[in-house]
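# generate a structure from the sequence data that follows.
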Amino acid sequence: MNLCYNINDANIAEFKHLFLYKSLIDELANCLNEIGTYGKHLNDPSFLRSVSSLLTVFKNFLRNHIIANDYSLIAPIFFAVVQCLCSSYAIDMIKSLEHNFVQKLDDGQLLFLHIMPWYLQWYPDYRDPENLIKILRILLNEFTVWMTSCHPDSYLQCTCQFGAMIRHLNYFLVRPIEPDNFIRFYSDLPNCITQWTHDHVKLFLLRIGLGNTILPLCTRVDGHRFRQLYEMCLINPESMYQSLKFELNEKHHTLLPIADYLSFLHEIKLYVPLTSTNVKVSQSSSLDSAALCNIM
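Presented below is the predicted three-dimensional model:
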């Protein structure tokens, strides 16, 4: 199943020949429905790993240019995943987490909290408000309570696997956060970015789910340099995106999703003095909507 991580335009036809069958898709959707409805198979680690691998296969299909009929064919998987994430078992998975960021996920937690949100990110209907709102209503409060109860120092030892899980759940759940919890979520970071150490930068990026993409580009970066990076991105967002994407791929063999780049620009604004950003914005016309569209 390691091949499921290497689907691309060159070999997608072969993978479709192996996996894109209605009987397989319906069986996977049925298994997911059984997991989300009855908790069936939750005590079978090998079964859960197989389901995770198949979801990864279909997720990688969705990252490539496949036709509308293919999307329709795999739609039952999408709705089964939504059902799982809206179930009491998803809540139980969050409640079962320890209050730190250095733990190892078991197969059930990995499926519900890592693979399923990851799968939905690449489905064309994930923007459907109803599907998103259903997941938010069920999981947001539980996830926020857990996140804000964790000891801040444990962020600094966050594992790659755990950081990825947080990032994928953040994609759906971190915004909006209830006002009281929002304050607690960020209260241990200095208000001004120029007061940050490298540990603060690392903590910030892990907390907003960018530990695998932006963080590797910020080795030994403190608050002053972090602000300089942000200002460079404001001056020429398209060029900086391409530069950061190239560096991340060359040095760390990791892709930089445009969503992560835009999240970085959005989240950091809270800590950057307005006078700094206003000056930089006035120096450049690169921030109009056309430039951002070019990035896409």
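
# what does the domain assignment say about the protein?
3-185, 193-273 (the TED database).

# export the one helix or strand I133 maps to as CSV, just CAs?
If you go by DSSP states H and E, I133 is part of helix 129-149. Extracted C-alpha coordinates of helix 129-149, given in CSV (Å, rounded to 0.1, in the frame of the first residue of the first chain):
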residue,chain,number,x,y,z
PRO,A,129,-21.5,24.7,4.3
GLU,A,130,-23.8,22.0,5.6
ASN,A,131,-21.1,19.3,5.6
LEU,A,132,-18.7,21.6,7.3
ILE,A,133,-21.2,23.0,9.8
LYS,A,134,-22.2,19.5,10.9
ILE,A,135,-18.6,18.6,11.7
LEU,A,136,-18.1,21.9,13.5
ARG,A,137,-21.2,21.5,15.6
ILE,A,138,-20.1,18.0,16.8
LEU,A,139,-16.4,18.4,17.3
LEU,A,140,-15.4,22.1,17.7
ASN,A,141,-16.1,22.4,21.4
GLU,A,142,-14.5,19.1,22.4
PHE,A,143,-11.4,19.8,20.3
THR,A,144,-11.1,23.3,21.7
VAL,A,145,-11.4,22.1,25.3
TRP,A,146,-8.7,19.5,24.7
MET,A,147,-6.4,21.9,22.8
THR,A,148,-6.5,24.6,25.5
SER,A,149,-6.1,22.1,28.3
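
# other SSEs contacting it?
With contacts defined as 3 or more CB pairs under 8 Å, 6 or more residues apart in numbering; DSSP states H and E, the packing partners of helix 129-149 are helix 75-85, helix 88-95, helix 160-173, helix 179-186. All C-beta spots, glycine's among them, are computed from the backbone N, C-alpha and C.

# hmm, back to that, of the domains of the chain, which shows the lowest average pLDDT?
Least confidently modelled of the domains of the chain is domain 3-185, at a mean of 80 by mean pLDDT.

# if you skip the residues just before and after it, what's nearest to K95?
E142 (6.7 Å; CB to CB, 6 or more residues apart in numbering).
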